[in-house]
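>>> Here is my input, please return the structure:
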Amino acid sequence: MAEETRVTQEAVWQETLAGLLAKAGRTAGELASEGKSVEWKLALAAVLKAQTTVTNRWLGEALHLGNLHEVSRKVAAWTRGPAVARGKRSIKST
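Residues are numbered from 1 along each chain as shown. Alright, predicted model coming up:
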């Protein structure tokens with residue numbers, strides 16, 4: 001991937017993350033201070049993955065979720081959770 005394209009994509013991911021944090025009533029500082037598997041961070045990651053071309057590596061670093069393999073495992077498990085519970089804990093994307 002060309003450097004310019006990567007930088008542009010990361011800017012879009014960061015902007016989308018900032019909007020989701022605002023909707024969730026969270027701050028960027030909480031990303032570092034909260035645990036790696038807290039529900040709201042996994043919800044953010046799931047929405048970002050659904051709406052953008054974000055990479056697991058970027059999510060792991062930006063959301064402090066761990067390495068890219070852990071991000072993949074955690075977000076997939078969160079996404080597969082019961083539909084009713086997932087609806088209650090999701091962050092609306094609109």
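>>> This structure: strands as residue ranges?
With DSSP state E, there are no strands along the chain.
>>> Please report the residue range of the longest helix in it.
Of all the segments of type helix in the chain, defined by DSSP state H, the longest one is helix 3-24.
>>> Can you list the neighbours in contact with that one?
For helix 3-24, the surrounding residues in contact (Cβ atoms under 8 Å, 6 or more residues apart in numbering) are 27-28, 31, 40, 43-44, 47-48, 51-54, 58, 62-63, 91-93. (C-beta placed from N, C-alpha, C; glycine too.)
>>> Identify each buried residue in that helix, please.
Residues of helix 3-24 classed as buried by neighbour count (16 or more other Cβ atoms under 10 Å): 9, 13, 16, 17, 20, 21, 24.
>>> Could you export that helix as PDB, CA atoms only?
What follows is helix 3-24, C-alpha atoms only, in PDB (Å, rounded to 0.1, in the frame of the first residue of the first chain):
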ATOM      1  CA  GLU A   3       2.300   5.600   2.100                       C
ATOM      2  CA  GLU A   4      -0.100   8.400   1.100                       C
ATOM      3  CA  THR A   5      -3.000   5.900   0.900                       C
ATOM      4  CA  ARG A   6      -2.200   4.400   4.200                       C
ATOM      5  CA  VAL A   7      -1.900   7.800   5.900                       C
ATOM      6  CA  THR A   8      -5.300   8.800   4.400                       C
ATOM      7  CA  GLN A   9      -6.900   5.600   5.500                       C
ATOM      8  CA  GLU A  10      -5.600   6.000   9.000                       C
ATOM      9  CA  ALA A  11      -6.900   9.600   9.200                       C
ATOM     10  CA  VAL A  12     -10.400   8.300   8.200                       C
ATOM     11  CA  TRP A  13     -10.100   5.500  10.900                       C
ATOM     12  CA  GLN A  14      -9.000   8.100  13.500                       C
ATOM     13  CA  GLU A  15     -11.900  10.400  12.600                       C
ATOM     14  CA  THR A  16     -14.400   7.600  12.700                       C
ATOM     15  CA  LEU A  17     -13.000   6.500  16.100                       C
ATOM     16  CA  ALA A  18     -13.300  10.100  17.500                       C
ATOM     17  CA  GLY A  19     -16.900  10.200  16.400                       C
ATOM     18  CA  LEU A  20     -17.700   6.900  18.000                       C
ATOM     19  CA  LEU A  21     -16.000   7.800  21.200                       C
ATOM     20  CA  ALA A  22     -18.100  11.000  21.400                       C
ATOM     21  CA  LYS A  23     -21.300   9.000  20.800                       C
ATOM     22  CA  ALA A  24     -20.300   6.600  23.500                       C
END
